[in-house]
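Enquirer: The sequence isn't on hand, but the structure is:
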């Protein structure tokens, strides 16, 4: 098959789709990954053709941080960002669609990609990195407050989906007026039954060890596949990193990925001070929005980046923002995670890590302090959390989310062609 994968966002949004693209290519398919243009070099080094899309996801990170975790503000932020770049992005997608047999899409393309698939008469598959569009009584929707009331959790999912659908429709038809030739004539919802067309599969690229499939996700189109990990067996660490790791005990890794936060200096300094007060060394991955003191303290190494799958198992613990990809990598490594959620789905992952016993309770951005982080580092070092983190890591390393997803995708294509 000629398969187009569509995703948009930070590296945490792109890298799992790249892992899936590599798996699909090894399974004999022709694969293109459409993603923000800044990731073109990263994608193509794995032998995957990239269809570069307009826009800078760094801006979306800023918008999400300004939302303060408020679900309504997150939707508004996304609308503001999307309105400016959507016509150019959609033109890039339409160009990449030529000759495609199957569309696989992420959250950002949920309705748009499905509508393109209908227009072209081809199947599509939705892959999500967090639980969405699947109401459950087990936990609340992303961005909604935690509740012990099952009906309220279920309602929060229903409400969030309605907001996504109606706000998205309003924006869509306004955008289509500006670029009628680029957008599909009509937008459709992927997860409703349609005569002659199977429901679009909803694959959650999440480990069941972290989020077991709820009993009310019993519809045949809902699947929990396991995480998608991108392997990099040829990685050779720089000499500075090798020397640092060999010079002492395993360090604490501090990374906030692609998050761009106006309080980066306060959070970064608190994390450095906490590692020093607890007698730990630290490796800081600075990322896009990275902050670095003029004179790094002794026992600290600053790097722009390093593969999480290589570095995290060599660390004592990981302090991070709770992005889906970083959370998955930390759990797979089998080391405790200390989460400081910034926005979007990150508070949810902070709660999940604590719920499964692989780390202490998350610390909100506003509550970050040296004392709070010192307490969290001590708690993360306890025997119970270290044992549980190791158990979760063993379970995740035994899974193969990419292989499971490929099997589901190929089965869906067969079902689609039988149905039509």
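Expert: The structure has been received and is ready for your questions. Predicted, not measured: the structure shown is a model, and the values here were computed from it.
Enquirer: Report pLDDT for residue 361.
Expert: You'll see residue 361 listed with a pLDDT of 97.
Enquirer: ok, it touching residue 355?
Expert: No - with contact defined as Cβ atoms under 8 Å, residue 361 does not reach residue 355; the gap is 9.6 Å. Heads up, the C-betas are built off the backbone N, CA and C, glycines and all.
Enquirer: Could you give the separation of the helix ranked longest in the chain from the chain centroid?
Expert: Longest helix in the chain, counting residues (DSSP state H): helix 150-178. Between the centre of helix 150-178 and the centre of its chain there are 20 Å (Cα atoms, centre = their mean, to the nearest Å).
Enquirer: Let me know the average pLDDT across that helix.
Expert: Averaging pLDDT residue by residue across helix 150-178 gives 83.
Enquirer: do stretch 24-35 as well
Expert: Rounded mean pLDDT across stretch 24-35 is 98.
Enquirer: For that stretch, could you pull out the residues that count as buried?
Expert: 24, 25, 27, 29, 31, 32, 33, 34, 35 (16 or more other Cβ atoms under 10 Å).
Enquirer: now do stretch 150-161
Expert: 153, 154, 155, 156, 157, 160, 161.
Enquirer: so the first one sits right up against residue 134, yeah?
Expert: Right, residue 153. No - using Cβ under 8 Å, residue 153 is not in contact with residue 134; the gap is 11.9 Å.
Enquirer: The stretch 201-350 of the chain: strands as residue ranges?
Expert: Applying DSSP state E, counting those that start in this stretch to the stretch 201-350 of the chain gives strands spanning 202-204, 222-224, 252-255, 282-285, 300-303, 317-320, 337-339.
Enquirer: quick one: which of those strands is nearest residue 392?
Expert: Nearest of the strands of the stretch 201-350 of the chain to residue 392, taken as Cβ to Cβ: strand 337-339 at 9.8 Å.
Enquirer: buried sites along stretch 400-420?
Expert: For stretch 400-420, by 16+ other Cβ under 10 Å, it's 400, 401, 402, 404, 405, 406, 408, 409, 412, 413, 416.
Enquirer: Leaving out the residues flanking it, which one is nearest to the fifth one?
Expert: Meaning residue 405. residue 225 (4.5 Å; Cβ to Cβ, 6 or more residues apart in numbering).
Enquirer: Can you check the pLDDT for the one you found?
Expert: For residue 225, the predicted pLDDT is 97.
Enquirer: Using a markdown table, please lay out the strands of the stretch 201-350 of the chain together with mean neighbour count.
Expert: Shown next, in a markdown table, are the strands of the stretch 201-350 of the chain (neighbours: other Cβ atoms under 10 Å):
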| stretch | mean neighbour count |
| --- | --- |
| strand 202-204 | 24 |
| strand 222-224 | 21 |
| strand 252-255 | 27 |
| strand 282-285 | 23 |
| strand 300-303 | 18 |
| strand 317-320 | 29 |
| strand 337-339 | 29 |
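Enquirer: okay, now residue 95: neighbour count?
Expert: Neighbour count for residue 95, taken as other Cβ atoms under 10 Å: 12.
Enquirer: what's the answer for residue 238, then?
Expert: Residue 238: 10 neighbours (other Cβ under 10 Å).
Enquirer: got the contact list for it?
Expert: residue 303 (Cβ atoms under 8 Å, 6 or more residues apart in numbering).
Enquirer: Next one: it from residue 382, what distance?
Expert: 33 Å (Cβ to Cβ, to the nearest Å).
Enquirer: Show me what the mean pLDDT comes to for stretch 318-336.
Expert: Mean pLDDT, stretch 318-336: 96.
Enquirer: Figure out how far that stretch is from the centre of its chain.
Expert: 11 Å.
Enquirer: Span of it from start to end?
Expert: 7 Å (Cα to Cα, to the nearest Å).
Enquirer: How about stretch 292-303?
Expert: 10 Å.
Enquirer: which residue packs closest to the residue sitting nearest the centre point of the chain, ignoring adjacent ones?
Expert: The centroid of the chain falls nearest to residue 324 when counting by Cα atoms, centre = their mean (3.9 Å). Nearest residue to residue 324, sequence neighbours excluded (Cβ to Cβ, 6+ apart): residue 129, at 4.1 Å.
Enquirer: Return the residues in contact with the one you found.
Expert: 12, 13, 16, 106, 107, 204, 205, 206, 324, 325, 345.
Enquirer: next one: residue 4
Expert: Counting by Cβ under 8 Å, 6+ apart, residue 4 has contacts 31, 32, 34, 51, 96, 97, 100, 102, 103, 104.
Enquirer: that's a strand at it, yeah?
Expert: Yes - applying DSSP: H, G, I helix; E, B strand; the rest coil, one finds residue 4 inside a strand.
Enquirer: Identify the residue spatially nearest to it, adjacent ones excluded.
Expert: residue 100 (4.5 Å).
Enquirer: So that neighbour: helix, strand or coil?
Expert: coil.
Enquirer: try residue 18
Expert: Residue 18 ends up helix, using three-state DSSP.
Enquirer: ok, back up a step: where does the residue nearest to residue 324 fall, phi/psi-wise?
Expert: phi -90, psi 0 (degrees, to the nearest 10).
Enquirer: and if you look at the one 5 residues further on?
Expert: The phi/psi pair for residue 134 (degrees, to the nearest 10) reads phi -140, psi 90.
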